[in-house]
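Asks: okay, here's the prediction I keep looking at, along with the sequence it came from:
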Amino acid sequence: MTQHFLSGEPPIALILRRSARARRISLRVSRLDGKVTLTLPKQVSEREALDFARSKEDWLRRNLANRPEGVLVAHGSEVPFQGDMLPVLAGRGRSVSMTDEGFQVPGNAARVGVRLQSFLKEEARRRLVAASDHYSDRLGRQYTKFTLRDTRSRWGSCTSEGGLMYSWRLIMAPEEVLNYVAAHEVAHLAQMNHSPKFWAIVEKLYGPHQAERRWLRTHGEKLHRYRFEG
């Protein structure tokens, strides 16, 4: 992969990527971090690909302008928790806590984001383990492993060996969305696909889930705008 720039204010960085499977030139703007990827088939020249990108400059700038701005978490910020926006406040003592007023984060101001991230990860682990246990008991199948990551392409996954993985950022989504994702991944313990049988299991474990899926499509990307480390 190589990097090029489209001139203008500001310049647009392009990551050029060749793909043996690509049949045509394509442009993609990441909804998570704003990176622009220009994919070209093997037989297409870089010049032709860059000309294509220039022809799409207006579209690129509109997409980049519509991305939500990033938030560097610090005292005075607001961060979502279970769907509610909570202020990040200067706390006392040694541990991060949550009160009716918001997150209480003591200590060095430079480490506020890091400390709050650790707190959120622990809350995510506790709630996702509880949800996974609940749904796997209902299904009558147990998972073999539990992992939290900061994934950018999916909210959860289930391996053929029964290992569950979730994005810890689900703790920022409404509680029902977190529970739906847990039910979805647990359902894969019985059906490693998205067939009608799979969705029937999700329905049995969780119930109607169209609203939760719609929330993730509409609002999920915004959970990645919060940066906890400088």
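Replies: Done, it's in.
Asks: helix/strand/coil for the residue positioned nearest the centre of the chain?
Replies: Closest residue to the average C-alpha location of the chain: Arg152 at 4.4 Å, with Cα atoms, centre = their mean. Using DSSP: H, G, I helix; E, B strand; the rest coil, the structure places Arg152 in coil.
Asks: I'd say it and Arg225 touch.
Replies: No - using Cβ atoms under 8 Å, Arg152 is not in contact with Arg225, being 11.8 Å away. Yep, even glycine has a C-beta here, placed from its N, CA and C like the rest.
Asks: can you show me the strands along the protein?
Replies: Along the chain, counting by DSSP state E, strands occupy 2-6, 12-19, 26-29, 36-41, 71-72, 78-81, 84-90, 97-99, 102-105, 145-149, 156-158, 163-167, 226-227.
Asks: what's the fourth one packed up against?
Replies: Yep, that's strand 36-41 we're talking about. strand 12-19, strand 26-29, helix 46-55 (3 or more Cβ pairs under 8 Å, 6 or more residues apart in numbering; DSSP states H and E).
Asks: residues of the last one that come out buried?
Replies: To tie it back to what came earlier, the one meant is helix 46-55. Neighbour-count burial for helix 46-55, counted by 16 or more other Cβ atoms under 10 Å, picks out 49-50, 52-53.
Asks: that one relative to strand 36-41, how many degrees between them?
Replies: 140 degrees (axes from the mean of the first three to the mean of the last three Cα atoms, to 10 degrees).
Asks: show me the shaky parts of this structure.
Replies: 31-33, 68, 230 (pLDDT under 70).
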